[in-house]
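Colleague: turn this into a structure:
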Amino acid sequence: MGVSDIGFSEVRSCLVQMPRDGTTVNVLGEEERPSRPKYLFLPSKITVENEQENSENSEESPPISGAVGPPGETPLAETEAEYSEAADSIPLSSPDISESSSIEQAMSPVPSLQIATPMSDDVSDILSPEERSLGKLHPFWVPDADAPNCMQCEIKFTVLKRRHHCRACGKVLCSKCCSLKSRLEYLDNSEARVCHPCYSILAKVFLVEQGESALGSPSSLNEGVADTSSIPLGRQPNPNNPMEYCSTIPPLEQAASVLRQPPPSVLVPVGVLKREGSSRSRSDVAKQVIFSDGIRPGGDLTELDGSSESRLPYRRPGRVLKRVGTPPGPPTSASNHSSQRLLPPLDPKTMSYIPTDRGLPPLAVINKGEIKFVDVVDQDKQMAILRSETEPPTVFAINRNLFVQVKILNLDCCVSRTCWCFSTSGMSCVGQDEIVIILECLPDEATVPKDIFRHLNTLYQDASRGNTVSELGHTVFQGVPFLDSTEHGGFIYIRPSFQCLQKLVLPSSPYLVAILVHRWETPWATVFPIRLMLRLGAQYRYYPCMLVSIRNRRPVYWEIGHTIINLLADFRNLSYTLPSVRGLVIHMEDRQTSILLPKNRYDQVTRALNNSNDHVLALASNFSFSADSHLVCIQSNRDESYHTQAINIHNKPRKVTGASFVVFNGALKTSSNLTAKSSIVEDGLMVQITPDTMQALRGALRNMQDFSIGCGPAGASEPDELVNLKWVQDDKNFNIGVKSSIDGRALDGVPSIRVHNGTDYMGSCRFIRWTEVFILQSDEGSGRGGDPLDISRLSESLARATCLALIKLLDLLAQAGLTKLGVRATVHPENVGYEAGSKGEKLPPIYMDSLDNELVPVLHKAASMSQDNSGAVLELIFHIMLQ
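Modeller: Next up is the predicted model:
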């Protein structure tokens, strides 16, 4: 088959493709990689014989319309058409919420408008009188009850998928369709939330008005109108910021340049003006109300973990410290004074207990809730304790609320290596999963590697600011030698699946295992981490991936080279990545491939459809627990090409093989006499279909319908292979292993939201912090606009009442070892109550009496306001911490 037969005028990259018969075919092409993809077409075989002949033949075949490129480069009309809910705004049963949306996939922002000259007549002629008045008059406010779905993308509103009114047109939209900000005249030019179409119209109106004002000014005619492009759209110069209307040219030069013109009205020396960014104070920014759980009025519950707006992201303030009932200053009781006096000093450079010299952090001895700090005097003796199999793990104090258990283990049960095991305790206080690091121990290692402590402290500090790491996330070392080597690039974080966990020191669930990656592997850890995880498993013959971090090893990937992922993701700027659907898995069996889509991930599928072009649809999958093997992409050491292997569970036959991604390419010609064609490409699946089949596939996905693709010759009695897309039960693979602090109830599959910037209520020497809320039951199907707001306000009210009730009892709770508390509240018209406990047992009466005084009024008030719905059951988690 020649190039002319496939309608492809130029081979843009060199790809390795494996058909289902197992043979490997190298596709030749230009060595220069394109800056952004134009086409995606992977025939099973391409023979380039004559470049001139190929170019002539390609002219006869129409090129493939649509490109695999960043969603931000789609035409504006497509951008304004439909927008689905963002990844951090998901249904109630979504695990993305439970894990702080950390699988937050990179979404391309709304494309920036290409601004023409403000005096363009074409723009002014297009605008209608209604468009010119947009933002100047208060719009008709569509009632919430009349809009059960988003009026643009038609996504159904739920408890967590909030309604938003566009302040310009008044429509009811989801957070993704109404995610922009613009200044509106009828709101005294204050910034307000607007939808994408209104934002575009307001930008055009701004250009026209700027052009008209320029035409009426003689000085503007002399100086030109190009300067108006430097003014932000929909925004007038701030009179309190001279940088926006004063010249920074020295006064003498200003006067010399305008000898024949009137003197300038403002001459400001250069050094007088403050540069942008030199001060955070902005007098023109309106004050904003924010609940202590991070929610603003009119915002989503999922804004706890940030939002992907096209404007500058809203900078949430840190946690608020509030002292209630206890005066500031040293504590009064002798025991509290003693515990406060014995706290070690923080190192001024590391801002932790980790010393900058060769010493180790202090040891923490915890007895009945009391913490005693002991300095490490003899490191040789401490190393002997760490190596002893009879001694318990040693607990090091990193800061006042973060501790790390350390032990040297001989893992002869699985990998036959001697390893360090680091296990954190206290990450959950800042909304971060606990971290486990299993590091191979060097033969001559005589002290604890302090770089691990420093990195864990950095994770803790980042999480306290709301920047958490989730499953398949990564962290990077910025140019600093780590573990005595600059070749170590960072960590990738995974959840254990089939790995052996014997002998390991493990924290309470949920937790992540950090695996050390080479600096050459960091692009894959950023763009496509599942490929790197499986490749490391193949390197050490461990399915799916060995949990031990190996120092000073050779990388498994080098230069990116020619890979299909280059066409599907932007390695350089990360402006677009391979879209991922949480819970999607690909199962390849004999003559059948199943692509399983969870029903509660419909919004993510819709978003992937909206952000892709009409002819190519690519989806990244997840690791499947049902598969017994998985495709792995191997890069050759010689020519840096890629080929495919498979890794499977030891001593288990291969029946179901997983894949890392699927690409549907709607460029198959009817003249090929094929209904569809399926082939393996690297560690994924390529399905070539006709344009009509692609259109039908997209329609089925939007309607949440199953779809089958038969691959093989046209007119055959039965297809050679079937590719089935199936909508399956909701994905509940989150919060696995989490137990309730009240009664030990399993919370597997229960969605939760982590609170990163609430209010800390201060006691004498401790404070109580609300960190998480589990939504055990909620009226998700209600179409009432106030229901979601009731849930957020209810959780906020319950948290505040609980903190006020226990603020005077924090020291007693800590002395009893009850530092993690749970409060489960039931709000129903016919059933109102609460439970409170710690360590799987109910709290003693002294604490329950205090909770009654604060919680009962809040619960009865909430029940009286929920007469028309089925109520809610929430479980709030609190931590008692040292100041």
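
Colleague: if I look at the nearest residue to residue 539 once chain neighbours are set aside, how far off is residue 690?
Modeller: Nearest non-adjacent residue to residue 539, counting by CB to CB, 6 or more residues apart in numbering: residue 556, 5.3 Å away. From N, CA and C alone the C-beta is placed, and that goes for glycine too. Residue 556 sits 38 Å away from residue 690, going by CB to CB, to the nearest Å.

Colleague: neighbour count for the two, which is higher?
Modeller: Counting neighbours by other CB atoms under 10 Å for residue 556 and for residue 690 shows that residue 556 has the greater number, 21 against 18.

Colleague: now do the contacts for the more buried one.
Modeller: By CB atoms under 8 Å, 6 or more residues apart in numbering, residue 556 lies in contact with 518, 521, 532, 535, 536, 539, 635.

Colleague: tell me the phi and psi of the first one?
Modeller: Its backbone dihedrals place residue 518 at phi -80, psi 160, with angles given as degrees, to the nearest 10.

Colleague: and it, how far from residue 539?
Modeller: For residue 518 relative to residue 539 (CB to CB), the value is 11 Å.

Colleague: circling back: export the contacts of residue 556 as JSON lines, with columns for neighbour count and secondary structure.
Modeller: Listed next are the contacts of residue 556 as JSON lines, based on neighbours: other CB atoms under 10 Å; DSSP: H, G, I helix; E, B strand; the rest coil:
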{"residue": "518", "neighbour count": "22", "secondary structure": "strand"}
{"residue": "521", "neighbour count": "23", "secondary structure": "helix"}
{"residue": "532", "neighbour count": "27", "secondary structure": "helix"}
{"residue": "535", "neighbour count": "22", "secondary structure": "helix"}
{"residue": "536", "neighbour count": "25", "secondary structure": "helix"}
{"residue": "539", "neighbour count": "18", "secondary structure": "helix"}
{"residue": "635", "neighbour count": "21", "secondary structure": "strand"}
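
Colleague: ok, so of those, who is nearest residue 795?
Modeller: Ranked by distance to residue 795 (CB to CB), those are led by residue 532 at 37.4 Å.

Colleague: quick one: contacts for the closest one?
Modeller: Here residue 532 is in contact with 492, 517, 521, 524, 525, 556, 557 (CB under 8 Å, 6+ apart).

Colleague: are any of those buried, and which?
Modeller: Neighbour counting over the contacts of residue 532 (16 or more other CB atoms under 10 Å) leaves 492, 517, 521, 524, 525, 556, 557 as the buried ones.

Colleague: take those residues and keep only those in helices.
Modeller: Under the assignment DSSP state H, the buried ones among the contacts of residue 532 contribute 524, 525 to helices.

Colleague: return the closest of the buried ones among the contacts of residue 532 with respect to residue 165.
Modeller: Nearest member of the buried ones among the contacts of residue 532 to residue 165, counting by CB to CB, is residue 525, at 40.3 Å.

Colleague: what about the closest residue to the closest one other than its chain neighbours, how many residues close to it?
Modeller: Take residue 525 and drop its neighbours on the chain: the residue closest to it by CB to CB, 6+ apart is residue 474, 4.1 Å away. Per other CB under 10 Å, the neighbour tally for residue 474 reads 20.

Colleague: assess the claim that residue 474 and residue 493 are in contact.
Modeller: Yes. The pair residue 474 and residue 493 passes the contact test of CB atoms under 8 Å, sitting 6.9 Å apart.

Colleague: show me where the chain dips below the pLDDT cut-off.
Modeller: Low-confidence segments of the chain, defined by pLDDT under 70, are located at 1-126, 159, 212-318, 324-341, 779-790, 867-869.

Colleague: got the domain boundaries for it?
Modeller: 129-208, 348-558, 569-732, 752-882 (the TED database).

Colleague: hang on, residue 509 packs against residue 738?
Modeller: Yes. If you go by CB under 8 Å, residue 509 and residue 738 touch, sitting 5.1 Å apart.

Colleague: so for the two, which residue has more residues nearby?
Modeller: residue 738 (21 against 15).

Colleague: how many neighbours does the residue lying closest to the more buried one once chain neighbours are set aside have?
Modeller: Excluding its sequence neighbours, the residue lying closest to residue 738 (CB to CB, 6+ apart) is residue 747, at 4.4 Å. Counted with other CB under 10 Å, residues neighbouring residue 747 total 22.

Colleague: how about the contacts made by residue 747?
Modeller: Contacts of residue 747 (CB under 8 Å, 6+ apart): 735, 738, 739, 740, 774, 875.

Colleague: at 7 Å instead, please
Modeller: By CB atoms under 7 Å, 6 or more residues apart in numbering, the contact set of residue 747 is 735, 738, 739, 740, 774.

Colleague: packing partners for the helix or strand where residue 847 lies?
Modeller: Secondary structure assignment for residue 847, by DSSP states H and E: helix 845-864. Judged by 3 or more CB pairs under 7 Å, 6 or more residues apart in numbering; DSSP states H and E, helix 845-864 is in contact with helix 787-806, strand 820-828, strand 831-838.

Colleague: tell me the helices and strands packed up against the longest one.
Modeller: Translated: helix 787-806. Counting by 3+ CB pairs under 7 Å, 6+ apart, helix 787-806 packs on strand 766-777, strand 820-828, helix 845-864, strand 872-882.

Colleague: same thing but at 8 Å, please
Modeller: strand 759-762, strand 766-777, strand 820-828, helix 845-864, strand 872-882 (3 or more CB pairs under 8 Å, 6 or more residues apart in numbering; DSSP states H and E).

Colleague: including mean neighbour count and distance to residue 814, could the ones you listed go into a markdown table?
Modeller: Converted to a markdown table, the helices and strands packed on helix 787-806 look like this (neighbours: other CB atoms under 10 Å; distance: least, CB to CB, whole Å):
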| stretch | mean neighbour count | distance to residue 814 |
| --- | --- | --- |
| strand 759-762 | 22 | 14 |
| strand 766-777 | 22 | 6 |
| strand 820-828 | 22 | 11 |
| helix 845-864 | 15 | 12 |
| strand 872-882 | 21 | 5 |
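
Colleague: residues in contact with residue 413?
Modeller: 500, 502, 503.

Colleague: can you flag the buried ones in these?
Modeller: Looks like these have none buried, using 16+ other CB under 10 Å.

Colleague: now those residues in a markdown table, with secondary structure and distance to residue 728?
Modeller: Below are the contacts of residue 413 laid out as a markdown table (DSSP: H, G, I helix; E, B strand; the rest coil; distance: CB to CB, whole Å):
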| residue | secondary structure | distance to residue 728 |
| --- | --- | --- |
| 500 | coil | 29 |
| 502 | coil | 33 |
| 503 | coil | 36 |
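
Colleague: nearest to residue 449 among those residues?
Modeller: For those, the nearest to residue 449 is residue 503 (19.6 Å; CB to CB).

Colleague: rewinding a little: which of the domains of the chain sits closest to residue 319?
Modeller: Nearest to residue 319, of these and by CB to CB, is domain 752-882 at 5.2 Å.

Colleague: dump the helices and strands packed on helix 845-864 into CSV; add distance to residue 398 as well.
Modeller: Compiled in CSV, the helices and strands packed on helix 845-864 are given as follows (distance: least, CB to CB, whole Å):
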stretch, distance to residue 398
helix 787-806, 26
strand 820-828, 18
strand 831-838, 24
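
Colleague: quick one: closest of these to residue 453.
Modeller: strand 820-828 (23.1 Å).

Colleague: what pairs with that closest one, parallel or antiparallel?
Modeller: Within its sheet, strand 820-828 is paired with strand 831-838 (antiparallel), strand 872-882 (antiparallel), according to DSSP bridges.

Colleague: other residues contacting it?
Modeller: 428, 740-742, 776, 794, 798, 802, 806, 813, 832-839, 843, 851, 855, 859, 862-863, 866, 870-880.

Colleague: could you dump it to PDB, C-alpha only?
Modeller: In PDB, the C-alpha atoms belonging to strand 820-828 read as follows (Å, rounded to 0.1, in the frame of the first residue of the first chain):
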ATOM      1  CA  LYS A 820      -8.200  11.800  65.300                       C
ATOM      2  CA  LEU A 821     -12.000  12.300  65.700                       C
ATOM      3  CA  GLY A 822     -15.000  11.500  63.600                       C
ATOM      4  CA  VAL A 823     -18.500  13.000  63.800                       C
ATOM      5  CA  ARG A 824     -21.300  11.400  61.800                       C
ATOM      6  CA  ALA A 825     -24.400  13.600  61.400                       C
ATOM      7  CA  THR A 826     -27.800  12.400  60.000                       C
ATOM      8  CA  VAL A 827     -30.100  15.200  58.800                       C
ATOM      9  CA  HIS A 828     -33.500  13.900  57.700                       C
END
